[in-house]
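Engineer: sequence plus predicted model, see below.
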Amino acid sequence: MTQHLALIGDSIFDNAPYVDSGEAVIDHIKPLLIGWDVSLVAVDGDTTRDVLQQHIRIPNNCTHLALSIGGNDALQSVPLLKAPCSNVLDALDVLAQIQNDFRVSYRGVLDELLSLQRPLIVCTIYEEVPGLGDNLKTALSLFNEVILSEASRAQLPILDLRHLCREPTDFSPLSPIEPSSIGGQKIASAAARIVSQWNTVNTIGRLYVQ
């Protein structure tokens, strides 16, 4: 049976518009998984709500799944983050609501994908985006805490993009929130390493790749 990896989520995987032809994540990962099929299901700009629509486009013969989602959810929360608050406790209430809403949505995505009974990788959201201030990095930590917690709950391998993509060259000059060819190569290599280990040891366990 041919092994088949589906890349699900947002422009972390669907980054072709932000790099030269042949340098997207899927282009990097295919030569690393010799004998595998790789399908791009991810859509640039999608959020956790959109992934539930992606679910129906996952190939039936898919054997492995990789998910990167949450960055666009974080972007959509920026207007609320900029809303005035009378004190720090009120601000924390706003942050708690944002995090709780994301947790419900992200857990729904994981439960839907886990129902397919396929090995699943999840990615965190990278934080070292050029020009991103410390305040927004702090806000991103709320989303990453959800991803880490929910992945741990489901005992899923975690590809931690926070440690993988840290250099300015890891991000596209066309859009600093997208992976460049260099960043995409790092992501592809780490994802391929995880699925190759799955294929070798035939197990699904907690694995952090940094």
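Structural biologist: Okay, I see it.
Engineer: which one's the longest helix in the protein?
Structural biologist: Counting residues, the longest helix found in the chain (DSSP state H) is helix 88-114.
Engineer: any buried residues in that one, and which?
Structural biologist: The neighbour-count check on helix 88-114 (16 or more other Cβ atoms under 10 Å) flags Leu95, Ile98, Gln99, Phe102, Arg103, Ser105, Tyr106, Arg107, Val109, Leu110, Leu113 as buried. C-beta coordinates here come from the backbone N, C-alpha and C atoms, glycine included.
Engineer: tell me the pLDDT of the nearest residue to the first one once chain neighbours are set aside.
Structural biologist: In this case it means Leu95. Leaving aside its sequence neighbours, Leu95 sits nearest to Leu142 (Cβ to Cβ, 6 or more residues apart in numbering; 6.0 Å). At Leu142, the predicted lDDT confidence score is 96.
Engineer: please apply the same query to Gly133.
Structural biologist: 90.
Engineer: beta-bridge partners for the residue nearest the centre of the chain, please?
Structural biologist: When Cα atoms, centre = their mean is applied to the chain, the residue found nearest the centroid is Ser68 (1.8 Å). As for beta bridges, Ser68 partners with Gly9 under DSSP bridges.
Engineer: which residues are in contact with Pro179?
Structural biologist: For Pro179, the contacting residues are Ser11, Ile12, Asn15, Tyr18, Val19, Val25, Cys165, Asp170, Phe171, Ser172, Ile187, by Cβ atoms under 8 Å, 6 or more residues apart in numbering.
Engineer: now it. Its backbone dihedrals?
Structural biologist: phi -70, psi 140 (degrees, to the nearest 10).
Engineer: Cys85 in helix, strand or coil?
Structural biologist: Cys85 falls in the coil class when you classify it by DSSP: H, G, I helix; E, B strand; the rest coil.
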